[in-house]
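Asks: predicted model and sequence below, questions to follow.
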Protein chains: 2
Amino acid sequence: MYRKGDRTMIAELVFVGTEILLGNIVNTNGAFLAEKCAELGLSCYYQTVVGDNEERMKETLKQAISRSDIVIVCGGLGPTPDDLTKEVAAQVMGMELQEDLHTKERIEEYFRNSQWKEIPDSNWKQALVPKGALVLDNSNGTAPGLVLEEKKKSMILLPGPPNEMIPLFMEQVIPYLGKKQPEVIYSKMVKLAGIGESQVAERIQDLIEKQTNPTLATYAKTGEVHLRITAKAKNKKAAKKLLKPIVKELKARFGNAIYTTKENITLEDAVVKLLRKRKWKVTTAESCTGGLLAGRLINAAGASKVIQQGYITYSNKAKRNLLGVEKITLEQYTAVSDQVVYEMAEGGAKAANADVCIAITGLAGPDGGSEAIPVGTVYIGCCLHGAVKVEQYQFKGNRQKIRDYAVVRALNLLRLCILEESE
Amino acid sequence: MYRKGDRTMIAELVFVGTEILLGNIVNTNGAFLAEKCAELGLSCYYQTVVGDNEERMKETLKQAISRSDIVIVCGGLGPTPDDLTKEVAAQVMGMELQEDLHTKERIEEYFRNSQWKEIPDSNWKQALVPKGALVLDNSNGTAPGLVLEEKKKSMILLPGPPNEMIPLFMEQVIPYLGKKQPEVIYSKMVKLAGIGESQVAERIQDLIEKQTNPTLATYAKTGEVHLRITAKAKNKKAAKKLLKPIVKELKARFGNAIYTTKENITLEDAVVKLLRKRKWKVTTAESCTGGLLAGRLINAAGASKVIQQGYITYSNKAKRNLLGVEKITLEQYTAVSDQVVYEMAEGGAKAANADVCIAITGLAGPDGGSEAIPVGTVYIGCCLHGAVKVEQYQFKGNRQKIRDYAVVRALNLLRLCILEESE
């Protein structure tokens, strides 16, 4: 059992849902809750998925609460007779169900504001709450979250839909767990692009080895590496103070490879922000990625301020007509070449009257590869105020993977060109 | 214990990996293996994730094999000392490890063909195999799959990386499990677009209720519904015969809403196939989706035969310059209107000299919504040989979701327009 300051608390995750057992859905809640528990400094040794079956759920919850301090149970709080999580959890924790007036009122209010108006009979079941449980209001659905406590152990019940579970967890479960923790856990994310995970790991090996507080962890994303720095301290201010020198050290070691130190900023957000600051317009000229690069850019907040148009030029004819690539260049060097991407970038900037054009041409496969130009060969060109920079890449993986990598590398080349011109 | 014809076999999935417990990766292997087990007619009651820890792994595997006929263990077969799955599984199944000459030779061959040439000492560990185990050759890595059998129970060990695990499972585990099954399980996928899951479910309620063999299951994907029909029979031919009338019945009920009855055909594949058959050229004119529609089309096999270019026209100016949308139309009706999407589709087809142009304009949010044009309003237009069809949609969800739905609806409108003109 957990005593304050004694040792790390042990958490365990249980997911209830036949749709996970049948493989109808990927359990993304699993990765979300696991990452959050790790960030909170909880040790997590098991995740279990079990169906809506009373006997098996009871066995699973009993085992979980016997070996862990905190059990987070996700799913099975719906209004149908299939949904048994609350009933079984109450049994395991030795509690009885009773109507909770506050929850009943919230359900009434939820339906008043919905398109249905009338409340289905089955939903009243959701107003039943284990006696003594802590009720966590759910702003996005009718099933409240519940915390069942017994002898310093906690069982936390959360609804399964991510759009209900995630806000509930962030807004109410984290503060609850924070109070149970002897120390505050605070973390910061440093995001890098254009550098491989093993390279990053090598260059911070010493930090990883010598650091126990804060700790450093690397996460590989497509074409990116994210570094999470996590500090434990008596309060948030003290934790932030611990993080500061590490962030500074990472900035000194990685420089421009770091595109943000903010959790919710994406690579395209960072690029659009740089462009907005300079009031520059960008355009895109894409062959093998066929619009995915522009699609990513336009996903960023404020994109409409910096991108007006983009070109998808999949055929040679389109490269000539829309971007003004010379016929002879295409004939002499083929469409997948540094010469062609050079002319695409230059021509795109001119056609769109933009400050900068980022162009991609490559061979995403599966067919068409040769010894000279194997599948995965991608050229990326960036024309900024007339100066063109071209890079060649050799990506591995299937068609989708090659295109995804090309888009990330293009966003990053664009970012670096902007930074270099501003120096 | 399982006896032939006695009852359904029970399978259980165990995933070994600290990176899943820490939330560094989403356990996509879980959904893959769960879906495959369901298709094979195996009942699956539990999935467990456990770390690379001897004691906890032993406890988990013992419990799993005691309550299930088949335990599939995924991960922890690598060459490092952390990787313990094989050692622990052999212990639990009462087997000793010994060097397997065949596997040793395969490892040598793997490295001969790789860029490394020299074999790290640690990799020899992967040539150790539990005595009496069935070895499943891994074409994409050095860790073979292993089947450990004891008293009609099987423990199947598979490598964790999906690009190694999936081919191994499809090519070797399915035939192995097939032999253990008294009956053959055979299934077919019917994919629909432009119709909601509840509508589909309502219209096949009778089939779902009365059918026990084959069975029907619905899966909701973004903007699509997939129906899986699964038959059990003595052999594949008999199973196929059972499926046939159901597929026929579904075709009669849903008509053109079905875009394929093939497992590996996507909506964009189906559209590109229709265009190729007619030797028609398509182009795209995108505002809020900013290239994602063209990106999907270009993902289809053979897309280069039907798409040469596409337009990303995010600003009003670009809509005018590239597509010839009239200034007065934009001023009078605003960019998010049926009139503008009409002119985008018409102008795009003309500019690209294409048979058909599919155009999207909409408000993906999060800002900019009004009472007249709320966030999620999307107009899609299709101009085919001069005839324009326009549809209006109101999508729910965040920016990403709204754009994803718009792309699927656009692909489907394009598909239906092609089919209608051909009638």
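Replies: In hand now; what should we look at? Residues are numbered from 1 along each chain as shown, chains lettered A, B, ... in the order given.
Asks: quick one: the strands in the stretch 51-200 of chain A, in order.
Replies: Here the stretch 51-200 of chain A has its strands, by DSSP state E, counting those that start in this stretch, at A:70-74, A:97-99, A:128-130, A:134-136, A:145-150, A:153-158, A:184-193.
Asks: could you look over those strands and pick the most buried one?
Replies: Neighbour counts (mean count of other Cβ atoms under 10 Å in any protein chain shown) averaged over each of the strands of the stretch 51-200 of chain A peak at strand A:70-74, with a mean of 28. Any C-beta I mention is one placed from the backbone N, CA and C, and that applies to glycine too.
Asks: so what are the sheet partners of it and their directions?
Replies: Strand A:70-74 has the following sheet partners, assigned by DSSP bridges: strand A:10-16 (parallel), strand A:153-158 (parallel).
Asks: will you turn those strands into CSV that also has distance to B:Y314 and mean pLDDT?
Replies: Below are the strands paired with strand A:70-74 laid out as CSV (distance: least, Cβ to Cβ, whole Å; pLDDT from 0 to 100):
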stretch, distance to B:Y314, mean pLDDT
strand A:10-16, 40, 97
strand A:153-158, 39, 97
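Asks: closest one to A:A252 among the ones you listed?
Replies: Closest approach to A:A252 among the strands paired with strand A:70-74 (Cβ to Cβ): strand A:10-16, 35.4 Å.
Asks: let's see the closest one as CSV, backbone CA atoms only.
Replies: Provided in CSV are the C-alpha atoms of strand A:10-16 (Å, rounded to 0.1, in the frame of the first residue of the first chain):
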residue,chain,number,x,y,z
ILE,A,10,1.7,2.0,-8.9
ALA,A,11,-1.0,2.6,-11.4
GLU,A,12,-2.7,0.0,-13.6
LEU,A,13,-5.0,0.5,-16.6
VAL,A,14,-8.0,-1.5,-17.5
PHE,A,15,-10.0,-1.0,-20.7
VAL,A,16,-13.5,-2.4,-21.0
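Asks: touching chain B at all, the very next helix or strand once past it?
Replies: Using DSSP states H and E, the next helix or strand after strand A:10-16 towards the C-terminus is helix A:18-21. Yes: against chain B, helix A:18-21 shows contacts by Cβ under 8 Å from any Cβ of the partner chain at A:I20, A:L21.
Asks: now stretch A:29-38
Replies: Yes: using Cβ under 8 Å from any Cβ, we find that stretch A:29-38 touches chain B at A:G30, A:A31, A:F32, A:L33, A:A34, A:E35, A:K36, A:C37, A:A38.
Asks: dump those residues to JSON lines, plus neighbour count and secondary structure.
Replies: Listed next are these as JSON lines, based on neighbours: other Cβ atoms under 10 Å in any protein chain shown; DSSP: H, G, I helix; E, B strand; the rest coil:
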{"residue": "A:G30", "neighbour count": "25", "secondary structure": "helix"}
{"residue": "A:A31", "neighbour count": "20", "secondary structure": "helix"}
{"residue": "A:F32", "neighbour count": "18", "secondary structure": "helix"}
{"residue": "A:L33", "neighbour count": "25", "secondary structure": "helix"}
{"residue": "A:A34", "neighbour count": "26", "secondary structure": "helix"}
{"residue": "A:E35", "neighbour count": "18", "secondary structure": "helix"}
{"residue": "A:K36", "neighbour count": "20", "secondary structure": "helix"}
{"residue": "A:C37", "neighbour count": "23", "secondary structure": "helix"}
{"residue": "A:A38", "neighbour count": "22", "secondary structure": "helix"}
